[in-house]
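Enquirer: Turn this into a structure:
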Amino acid sequence: MKSPIQQAGYVMAGIVFAILWASASAATKIGLLSAQPFVIAIARFAVAASVMLVVAHGVMGQPLPMGRTLWKRLAMYGFLNVGLYLGLYVVAMQEVSAGLGALFVATNPVLIALMGAVWYKQPVGWRTVLSFTLCMAGMLLASYPLLGESYATPRGLAVLFLSMLSYSAGAIYFARRDWGNLHILTINGWQTLLGGLCVLPFAWYFYEGAANSFDGRFWGTVLWLAIAVSVIAVLLWLYLLRDNPIKASAWLFLCPIAGFAIAAALMGEPLSWHTWAGVLLVMVGLYMVQRRRAHRETTGGTSHR
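Expert: As a prediction, the model looks like this:
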């Protein structure tokens, strides 16, 4: 039984996580005013990886990954979860509003459930299909008015969706691999560094000096994405998961709401009934997946129905 102070701390952790996680889209849009997408990505990965690896190995004294197998797994996870996912994401954000970026990210649990079932040839229950359909309908509904107001393009939405598929594939890969006794900071630090190396050739090839201004806005974006989002938000999420995995998923419902609110406040992005109806459909889809997961973890069942 938690004390009132512990309960308040848990709630505060959940609220801060949702705000920080949802702020990534707006921060990325702000950074794109100063630099090219791959330049922002490389700087973010370098700072985030450095912080996590210094803490993991320098402060906590965690051992280095040992063996070719572990390094291959870290490289593959980094490619899917950082290089491909965030590389495509930052490119897509050039042509997609910050609010839509946060909404698409919120659908990851549904994509993971669907892709996991297909990947491992498990039966896909009607709830999973319906939740995916609701999320897709919600994203399209929220996107519709923004397409006509130059806040989104079909190409940007397609690239953003591909980035979500990569993230989901990375999450499934991570869950199905044995990571030995590696600390989570060690895993995250090295996969961020290795994933960043995958983006480096593209950053070099597309680099244009005149398109980049390494001003306060650029560094503010990089530090926010690297420290607030990649480190603090992830650690808060791990704390919430460790406390109660089922309850932790409820905080994901705040992310699309916080994302649109932040985008409207900082970027002046429009909000309409399409926005809130789309968010509602996505939240219903998320609820269906999280409810099914909670039921399975409570009963130990394997049914997808």
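
Enquirer: which other residues reach stretch 57-65?
Expert: 56, 71, 74, 182-183, 185-186, 190 (Cβ atoms under 8 Å, 6 or more residues apart in numbering). Where C-beta positions appear, they are placed from N, C-alpha and C, glycine not excepted.

Enquirer: Helix or strand next in line after the worst-scoring helix or strand of the chain on mean pLDDT, which one?
Expert: Least confident helix or strand, the chain: helix 245-248 with a mean of 65, by mean pLDDT, DSSP states H and E. Using DSSP states H and E, the helix or strand that follows helix 245-248 in sequence is helix 254-267.

Enquirer: Just the residues contacting that next one, thanks.
Expert: Helix 254-267 is contacted from outside by 14-15, 18-19, 21-23, 25-26, 29-30, 97-99, 101-103, 105-106, 269-271, 275, 279, 282-283, using Cβ under 8 Å, 6+ apart.

Enquirer: Show me which of the residues you listed are buried.
Expert: With burial judged by 16 or more other Cβ atoms under 10 Å, the buried subset of these is 14, 18-19, 21-23, 25-26, 29-30, 97-99, 101-103, 105-106, 269-270, 275, 279, 282-283.

Enquirer: Just the ones of those in helices?
Expert: The helices, defined by DSSP state H, take in 14, 18-19, 21-23, 25-26, 29-30, 98-99, 101-103, 105-106, 275, 279, 282-283 from the buried ones among the contacts of helix 254-267.

Enquirer: can you give me the strands in the stretch 151-300 of the chain?
Expert: Secondary structure of the stretch 151-300 of the chain (DSSP state E, counting those that start in this stretch): no strands located.

Enquirer: any idea where the helices of it begin and end?
Expert: 154-175, 184-205, 216-223, 234-243, 245-248, 254-267, 273-299 (DSSP state H, counting those that start in this stretch).

Enquirer: so which of those comes closest to residue 10?
Expert: Closest of the helices of the stretch 151-300 of the chain to residue 10 is helix 234-243, at 6.3 Å (criterion: Cβ to Cβ).

Enquirer: tell me what the closest one is packed against?
Expert: On a contact count with 3 or more Cβ pairs under 8 Å, 6 or more residues apart in numbering; DSSP states H and E, helix 234-243 meets helix 4-31, helix 245-248.

Enquirer: Take the ones you listed and write them to JSON lines, including distance to residue 255.
Expert: Below are those laid out as JSON lines (distance: least, Cβ to Cβ, whole Å):
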{"stretch": "helix 4-31", "distance to residue 255": "5"}
{"stretch": "helix 245-248", "distance to residue 255": "12"}
